[in-house]
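Engineer: Turn this into a model:
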Amino acid sequence: MTHVTESYQPSMYRRLRAQVKLYGTLLGNVLRQHAGQRVYATVEALRRGFINLRKDENPKKRDRLISLIDKLDGPTLEQVIRAFYTYFSLANIAEEAFQHRQRRVQVSTGKPLWPGSFEDTLRGFHDLGISAEQLQTLLDRVLYIPVFTAHPTEAKRRTIMEHLRRIFLTGKQLDNTQLSQYQRDELIARLQAQIQILWETDEVRATRPTVEAEIKNGLYYFRRSIVSAVPEVYRNLERAIKRNYADQGGTQAIKVPSFLRFGSWIGGDRDGNPYVTPQVTKRALRMQAQTVFEHYVSLTEYLSTILTHSINLVQPSEAFTTRLARERLIARAAFPDDPRRYIGEPYRRKLTMMAYRLRCNLEQVEQRIRGYRSRDPVHPYRCEQEFLDDLYLIRESLRSHGDGNLTGGTLKNLIRLAETFGFYLARLDLRQESTRHSAAVNELLTASGACEDYASLDEHSRLALFQELLSSDQTVTFKEEALSEDTLDVLEVFYVMAQMRGEISEQAFGEYVISMTHQASHVLEVAFLASLAGLAGRDESGRWYCEIRISPLFETIEDLRHIEDVLEALLDHGAYRGLLHSSGNLQEVMLGYSDSAKDGGILASA
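Structural biologist: Just a heads-up that it's a prediction; the model follows:
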């Protein structure tokens, strides 16, 4: 269970084993009281029996244990399985606490940190002779985007995760060596109660989770850990730079840009999932926005209680003072009973007004989530950049009167978060299977009269057709009532993209992934559908524009063999090359892994 490294002493493992034993004992108490002596005795017999077999294999003993399992009736077998599931969940908690504790010891004692840590990596860079200038170039080019995938087979409920988290936090308190025996006994009693509740809680959902439940499950991780971890990640990196590049100026010479972004497929992956509708995609983005606005409001309000500088004691920058003076209407809305509130505390006044505007954004998105719209709030932020500009303004003003050291705490955290999450939290990737696009394009072109039988065209003819359609000044027109429900559904996704880019953020979407991409025309079909929603094409001056990033997904072994041919045809296509150039000239390609392995095996797939 535990990975042994040279830095861990035997005494440390004794501590881990003691914690696992404690959890096992407490679970045993619960089993005797709430599952019965028979279940407890069976669990103990199996546990001890298989531990002994691991030390000394004995076929006869193994057969007896298997026979014991075979003779169990259904209800007892279910309880036994649940007992082992719960036990290993508790053992995992103990190991996580152990690993966390050891890493904290390494950090606090100045010992070499684990491989892959910022400290270990930057020490290696420095030893290799990588200069501060080279490191800055590398950091400026880094972009790291963890993506939450839509996975309805994830069975662990948020309720169970919350219970496990409580057990982790309570168990962590036992590390305090200054606890009295009374306090220790009290914590163990609390652990016993928490394990009892865990045992009496359904560990899996009784019904298949809805897409909305999956969205909430993904947001749980952001709320619980990610939003608080992101600023700390940057701080750890800056500390490592300061230590390892002190001889070249440290963080004075090397600036760490915000290179973290997050992505999600939850609410956008409609390949094979009929429940991921365009309306669900809207809801996913609005729930993400709601999450991030709630956090920004909380941090901004907290910051307003910290930056209480008096106008009699400091002089904010001219840019700050001018901006604040221009915001009289916002002030009247934020302070309806007293428009001059905090007039002598300029930063507090500004931050309180910013929190008010964020609450306007939050109110707006919550109205839309509930499915109705009252009068729009008066002064919401129009985009994340407007919010960031306010934060930058405060930072520079503080620096202007010698309070630059005060910009390194909560204000810096909030800036990092806003740069990382914007107003969208995670860029939503969309995915659809290529045949759905082909069918929709065929029907649209027939309905518009642009092509009578697109489906019968060969690949060369299709590429030529899309060159003409995407380059033309003429818009393809059709009557929506003449289209099938399937085609309208495919088309609606692109209209939703256009709408939500305006409502939430221009950065709200990541990649549009085409599963089962077989040829270049499959990518151009998506570009054409995007053009119908105003997401791609040529503007009035004839310049290309593209507000969608299209990513072909190659999955079968046959498709993997033909990737080069397909990409050459795609990147040689004049219209697509124009679209790609206008959107940053970067083409992302996805390679299948599980589906490729299913199609041809792990070796052929690799």
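
Engineer: element containing Thr321, please.
Structural biologist: Secondary structure assignment for Thr321, by DSSP states H and E: helix 318-326.

Engineer: buried set for the helix or strand just after that helix?
Structural biologist: Remark: after helix 318-326, the chain's next helix or strand is helix 328-334, criterion DSSP H and E. For helix 328-334, a neighbour-count test (16 or more other Cβ atoms under 10 Å) marks 330-331, 333-334 as buried. Any C-beta I mention is one placed from the backbone N, CA and C, and that applies to glycine too.

Engineer: chain center to stretch 298-317, what's the gap?
Structural biologist: Between the centre of stretch 298-317 and the centre of its chain there are 32 Å (Cα atoms, centre = their mean, to the nearest Å).

Engineer: where along the protein do the strands fall?
Structural biologist: 147-148, 263-264, 427-433, 509-515, 536-538, 544-546, 549-554, 590-591 (DSSP state E).

Engineer: closest one to Phe320 among these?
Structural biologist: strand 427-433 (31.9 Å; Cβ to Cβ).

Engineer: Give me the contact list for that closest one.
Structural biologist: Contact partners of strand 427-433, identified using Cβ atoms under 8 Å, 6 or more residues apart in numbering, comprise 145, 147, 261-265, 267-272, 281, 284-285, 288, 490, 493, 497, 507-516, 553.

Engineer: Same check on stretch 69-88?
Structural biologist: When contacts are defined by Cβ under 8 Å, 6+ apart, stretch 69-88 is touched by residues 23-24, 27, 31, 35-36, 38-39, 42-43, 46-47, 195, 198-199, 203.

Engineer: And for Ser317, the neighbour number?
Structural biologist: Applying other Cβ atoms under 10 Å, we find 16 residues neighbouring Ser317.

Engineer: Wait, it touches Ile394, no?
Structural biologist: No: with contacts counted by Cβ atoms under 8 Å, Ser317 stays clear of Ile394, the gap being 9.5 Å.

Engineer: confidence score at the residue nearest the centre of the chain?
Structural biologist: Centrality entry for the chain: nearest residue to the mean C-alpha point is Phe262, 4.5 Å, by Cα atoms, centre = their mean. Looking at Phe262, its pLDDT reads 97.

Engineer: What residues does it make contact with?
Structural biologist: 145-148, 222, 226, 420-421, 425-427.

Engineer: Same check on Thr487?
Structural biologist: 439-440, 443-444.

Engineer: let's go with 6 Å and repeat that
Structural biologist: Taking Cβ atoms under 6 Å, 6 or more residues apart in numbering as the criterion, Thr487 is in contact with 440, 443.

Engineer: How about Tyr347?
Structural biologist: Contacts of Tyr347 (Cβ under 6 Å, 6+ apart): 307, 309.

Engineer: likewise the one 3 residues further on?
Structural biologist: Neighbouring residues of Lys350 by Cβ under 6 Å, 6+ apart: Leu324.

Engineer: Any figure for the gap between it and Ala333?
Structural biologist: Distance, Lys350 to Ala333, using Cβ to Cβ, to the nearest Å: 14 Å.

Engineer: now Arg123
Structural biologist: For Arg123, the distance to Ala333 equals 52 Å [Cβ to Cβ].
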